[in-house]
Structure formats: C-alpha cells, structure tokens
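In: Sequence and predicted structure, then a few things I'm wondering about:
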2 protein chains.
Amino acid sequence: MKAIEKFDMLHVTDRVLVAVSGGKDSLAVWDLLTELGYQADGLYVGLGIGEYSDTSGAHARRFADEHGLKLIEVSLRDEYGYDVPTAAAATNRVPCSACGISKRHLFDKAAIDGGYNVLVTGHNLDDEAAVLLGNTLRWDIEYLARQLPVLPARDGFPKKVKPLVRLTEREMAAWCIVRGIDYLVDECPIAAGNKHLAYKAVLNSVEHESPGSKAAFYLNFLENMSPLLAGMSVAGKDSLHSCATCGAPTTGENCAFCSIVGKAAALDPVPVECVLGKSVGKSLSKRARR
Amino acid sequence: MKAIEKFDMLHVTDRVLVAVSGGKDSLAVWDLLTELGYQADGLYVGLGIGEYSDTSGAHARRFADEHGLKLIEVSLRDEYGYDVPTAAAATNRVPCSACGISKRHLFDKAAIDGGYNVLVTGHNLDDEAAVLLGNTLRWDIEYLARQLPVLPARDGFPKKVKPLVRLTEREMAAWCIVRGIDYLVDECPIAAGNKHLAYKAVLNSVEHESPGSKAAFYLNFLENMSPLLAGMSVAGKDSLHSCATCGAPTTGENCAFCSIVGKAAALDPVPVECVLGKSVGKSLSKRARR
C-alpha cells in the first residue's frame, strides 16, 4: 500500500494492534495488513450502545474466526462499570466525545499492555478530510499540527498509524464486497446528526461540484501545510505524568477516561434511546485529538 | 469602524479611492468612509456585461450625485476595445477570471494615476470567507499568505484595504436599507453557478448548523494562521518589472491585462448571452490574488 510506504507507517517486524469496530474500514484494514504479511491482532471495545454494539461485536468476532486471527475484547460495561449512553448522560460531554475519549484510552492501554508497538485505526480519507474541515473551520492550530497519518510513540503512548488515509469510504466498501467481508453497514445510532457527519456531507457536496476536491483538500494539507505546522503542537512539549487513578499519561491529575469512569460507573445504566439525537449540532468530533 | 482601527487600514490624511460596482457592499463602504470623514473618491469600471453593467453604472452615478462625491469612470469597451463577455470568449479563462484580472489592473492603475495612496474594496465577511474556503480546500499557501484585510503598497501597487471584512452580506444590505442607499440587488448574470458562490452556499450551510462558524473561520484564520504564513508569499520576493506594453508591474514580459487586451480587442463584441453558464464549476475565484 502506497500510504504505508509513503508515510513510513509499518515494518514487517512490528507487532501491530488493529482497532476493530466491525465496520468496513477497520475490517478492511485488518484484512489488508494480514494479506500484506503483517502480524496484526485485533482489538474490539464493547461500547454498550445497545443492539448496535451487539451486532458490531458479532461482525468483528466472525471476521477474526474466519481468518484465524486473534481478537482482544474489552467491555466498557463489564470492566469499567459504564457504557457510552451512560457516560453521555453522566458527563456534560456529548456522546461522541465520551465515546472517543473511552476508545482512545482503551486503544492505548491495550496496545501498551499487550506489548504492541503500533496501533492501527481504519480512518479513511473521508474521515480525515471531515476532521480536517472541522479543525480548519476553527483554525485550531494545535489540532491541525497533530492531524497526521502517523504519530510517533511518546511517553506512554504507542505509535499510531492510519493506513487508509488515501482511500475513500466507497473504496473501502468496495474492498469489503470484493473480499467477501461481512461488515456492519449501519452507522452508530447516537452519531446521527453530529458535526463529523455534517462535515462529510459538506465535503461530498464540494466533491460533487469539483471531483478530486476531497483528496486534494486532505493530501495538499499534508504536503503543503503539515510541514509548516511541525513543532506547533504543544502536546509534545507539555510535561506528561501518570494519572493518579490508572497511571496512564495525562497532563491533569486524573486522565479524562478516569474522570468519565468516576462519574458514569456510579449510575444505573442509561438506555441508548435516551441519548439519541444528543449529538446533533454539538458533537464536534475530537478524533483529531490524540 | 473596528476593522479600520484593528488592521490599521486608513488615516484621515489618506487619499482614498473606493472601487464601486453599484452593489450594496461598495456603496455602503463608500458611504461609511465618507460618514467617518475620510476623503474618498469612487471608481466605476464599466465591464460591458449587457444590461447588468448599464444598471450598475446608473446606481453608482446616482449615489455619487446624491452625495456630491467624485466618481471616476473607466469603460473597458470605450477605452480598451473589449468587454468581459468578449474577453471570456477570446481567452481560455472563465469569465470571472478575465473580469477579475481586468478589474484589478484598472483599480491599480486608476489609484496610481490619480495619486490615491489607498484603494478600498467592499469585500465583506461572506466574500472573504468564501475565498478563504477555496484557497484552503487547495491549501494554496501562496494565496493563503496573501489573504489579508490590508496589503501594503509595493512597487507600482497601491495599498489595498477591505474595511468590511468583519461584516456580513446581510449586515451590509441592512446598512443600505437603513441609510436609504439604492443599490443594484441583482448578482452578475455571468457569475451564476461559479465556485465563489458555491463556497458561499457551503459556508451558509455550516453557519446554519453552527451559528458563528463563518466569522470564526475567517477571523481565526487572521488571528491564528496569518502570522504563521507571514513571509510565505513569494509575491513580495519575485522581482517585478514593467509590462512591455503598458508599464504596469508584472513578473512576465507582458501583464495579464495586456494579454487579454491583445486577444479580445481584435474580436467583434460577444453578447453576454453567449457566455452565460460558462462559470459553472470552473471559475474558482481568484479574488485572493493580488
């Protein structure tokens, strides 16, 4: 794959952990890496988003079984006493924000605990372009500086790579169809109406008017802008220390994940229906945040 | 006005030339500057866009007459032997591009010839945000670096300022209504469907979802990004010399304006109807170009 070489993402000696949701992108990237000869295990995080999570887990497990691959599973509810709908209700964060914080923490932890030196996610061109549009509309220099297809390991964080950044959603769906990968087609019900999806729609309308715009937007950013922003991220400069509760690297006393656990684990489970529509127009995606 | 002070645009001793189209923005900025006590003459360039130009010229003249202001007039057809529809047909440029090159050249020339030290245009927040979106979608560093509300004078170019960059289209229309300014409401018929208008529509949809986004996009760019891009423009570094034909500063042998004159002035006039629809999806606005 061109992206893996161009951005120096992976080496055959790497121990790779792929974050797997059961959707097309994560299953496709796991499939691709395995085909290319990389040693890649999967990680599935059960987010407790009702039937959606049940189905997504089933897709991830079936893919792993059929391909003889190892899938590590973590359940927010079983292991941390909460789920995404309850976290959304317990905190002032919109659901997609609480979900993102939970996933990032558990991805990092699983990679470090399991001795993996690279964490792979299935973010595709549409994802990255939408996040870039959000960061650009605010000209958030900190986020723009960190929006890279490869983030090197630092402190307690694994190296993070996104091999699909040059490929569109439609290309990933096509790959799954060609390869006979049975993925979860449905979008997360809580995400409906969030800004990330709104930005995708905006870019699709621009792409419709001017084919090639979406790829140019993201790839020209990497080519023309990222070098100018190198070193502008304060993340690398802030002194990190260990979270007082879990030991994960953080700039505060407790990490954002433990803050959510502290608020949400004490509550009775909140049904997913109670947080539907809470993402509309408020949940600017924080996917660019490391 | 906050923009004039914040960006150090004008001083009361300046001799100001306002580019006036007969639309709401240019008449409003002329009105505002006069009210604020600046000595500001107007410049109207007759572009020869059929009935649209006839009407726009009448609005500009009426405003000048009613306010006892001096309006300098230049006619592309009478003085240079062509008009925008003919230029569009004669060159490979889309109409909005040929129009922009013609206007910029004549604005600069009128300012320099008339001894004005500042050229004012009525670009508003919507205009600037749309141009910024276009430049950002391509990450054109050269254009981004030059997209400023004030460009200092250099070589044969006057200082150029845009006092309305903090104000929206709707605010300018409201100003005209409150002040009883009779402006041309119609958009240029040739511009219909161009990318500049498409970018405005995109930003309006984002603004509808997240009120304040449009102003944040443009003003955060100036605040966070422009300082990082300072000095990235090669325009200030290129050695300019005099156009072999007209003497205007240019990087080539002949300036872009004289190139259009050379091709278009020899042709029979092309009716505006023949170039309608030629801007659709092709005429990425070059307004950011100096």
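Out: Thanks, I have it.
In: and residue A:264, what does it touch?
Out: With contacts defined as Cβ atoms under 8 Å, 6 or more residues apart in numbering or on different chains, the neighbours of residue A:264 are A:81-82, A:86-87, A:89-91, A:98. Where you see a C-beta, it was placed from the backbone N, CA and C, and this is true even at glycine.
In: I'd like those residues as JSON lines, with neighbour count, distance to residue B:153 and secondary structure appended.
Out: Output for the contacts of residue A:264, formatted as JSON lines (neighbours: other Cβ atoms under 10 Å in any protein chain shown; distance: Cβ to Cβ, whole Å; DSSP: H, G, I helix; E, B strand; the rest coil):
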{"residue": "A:81", "neighbour count": "14", "distance to residue B:153": "66", "secondary structure": "coil"}
{"residue": "A:82", "neighbour count": "25", "distance to residue B:153": "62", "secondary structure": "coil"}
{"residue": "A:86", "neighbour count": "27", "distance to residue B:153": "62", "secondary structure": "helix"}
{"residue": "A:87", "neighbour count": "29", "distance to residue B:153": "57", "secondary structure": "helix"}
{"residue": "A:89", "neighbour count": "20", "distance to residue B:153": "59", "secondary structure": "helix"}
{"residue": "A:90", "neighbour count": "19", "distance to residue B:153": "59", "secondary structure": "helix"}
{"residue": "A:91", "neighbour count": "18", "distance to residue B:153": "54", "secondary structure": "coil"}
{"residue": "A:98", "neighbour count": "30", "distance to residue B:153": "53", "secondary structure": "helix"}
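In: Where is pLDDT lowest across the residues you listed?
Out: Ranked by pLDDT, the contacts of residue A:264 bottom out at residue A:91, which scores 86.
In: What sits closest to residue A:217 if chain neighbours are left out?
Out: Nearest residue to residue A:217, sequence neighbours excluded (Cβ to Cβ, 6 or more residues apart in numbering or on different chains): residue B:137, at 4.9 Å.
In: any idea where the strands of chain A begin and end?
Out: Per DSSP state E, chain A carries strands over the ranges A:15-19, A:39-46, A:71-75, A:118-120, A:150-151, A:159-161, A:241-242, A:249-250.
In: Tell me which of those sits nearest to residue B:20.
Out: Shortest distance between residue B:20 and these, using Cβ to Cβ, is found for strand A:150-151: 51.6 Å.
In: Name the strands paired with that closest one and say parallel or antiparallel.
Out: strand A:159-161 (antiparallel) (DSSP bridges).
In: re the thing from before, identify whichever of the strands of chain A lies nearest to residue B:207.
Out: Residue B:207 sits nearest to strand A:150-151 of all these, at 32.1 Å, using Cβ to Cβ.
In: which outside residues touch that closest one?
Out: For strand A:150-151, using Cβ under 8 Å, 6+ apart, the contacting residues are A:7-9, A:157, A:159-162, A:290.
In: Ok, stretch A:27-36 next?
Out: Residues from elsewhere that reach stretch A:27-36 (Cβ under 8 Å, 6+ apart): A:1, A:4, A:10, A:16, A:18, A:20, A:40, A:42, A:59-60, A:63, A:67, A:69, A:120-122, A:163-164, A:172, A:175-176, A:179, A:181, A:183.
In: circling back to that earlier point, as JSON lines, the strands of chain A with mean neighbour count and mean pLDDT would be great.
Out: What follows is the strands of chain A, written out as JSON lines (neighbours: other Cβ atoms under 10 Å in any protein chain shown; pLDDT from 0 to 100):
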{"stretch": "strand A:15-19", "mean neighbour count": "23", "mean pLDDT": "98"}
{"stretch": "strand A:39-46", "mean neighbour count": "22", "mean pLDDT": "97"}
{"stretch": "strand A:71-75", "mean neighbour count": "17", "mean pLDDT": "97"}
{"stretch": "strand A:118-120", "mean neighbour count": "26", "mean pLDDT": "98"}
{"stretch": "strand A:150-151", "mean neighbour count": "18", "mean pLDDT": "95"}
{"stretch": "strand A:159-161", "mean neighbour count": "23", "mean pLDDT": "97"}
{"stretch": "strand A:241-242", "mean neighbour count": "14", "mean pLDDT": "89"}
{"stretch": "strand A:249-250", "mean neighbour count": "19", "mean pLDDT": "90"}
